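Enquirer: The following comprises the amino acid sequence and a computationally predicted model.
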Amino acid sequence: MIAKQWARIVGMAALGLVLTTPAYAGGGRHGGSLQGGGRWASDVGGGYSLDDAAANVRRQSGGRVLSANPVQRGDRRAYRFKVLTPQGRVRTLFVNPASGRVEH
């Protein structure tokens, strides 16, 4: 009985930690920041940085950005975002770094 209660407390604490940790903390590909994508913005003659695209994704989805990475989609560059929606689902969205357009 006590073991079950302890496991539940630890599980809830872990979930709380995950949900309250900033999405960009941790070393990751960009050293803990979304700034790494800024190089692409200059490559396309202005465009949207990874930070700008993340703000756009948050606004349009109403969710929380879990991860953000520059990726290659065929012959095009894109930013890939994993987003936790207000309904509790995780969605993957892509943003065109040249236009800032969110694609599903």
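Expert: Yep, it's here. Note that this is a predicted model, so its numbers are computed, not measured.
Enquirer: quick one: the strands in this protein?
Expert: For the chain, the strands defined by DSSP state E cover 64-73, 76-84, 90-95, 102-103.
Enquirer: which residues of this structure score low on pLDDT?
Expert: 1, 3-7, 9-46 (pLDDT under 70).
Enquirer: follow-up on the earlier one: just put the strands of the chain in a markdown table and tack on mean neighbour count.
Expert: C-beta here means a position set from N, CA and C on the backbone, and glycine is covered the same way. As requested, those are exported to a markdown table (neighbours: other C-beta atoms under 10 Å):
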| stretch | mean neighbour count |
| --- | --- |
| strand 64-73 | 16 |
| strand 76-84 | 19 |
| strand 90-95 | 17 |
| strand 102-103 | 14 |
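Enquirer: Could I get those strands in CSV, plus columns for distance to Arg8?
Expert: Listed next are these as CSV, based on distance: least, C-beta to C-beta, whole Å:
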stretch, distance to Arg8
strand 64-73, 24
strand 76-84, 22
strand 90-95, 23
strand 102-103, 38
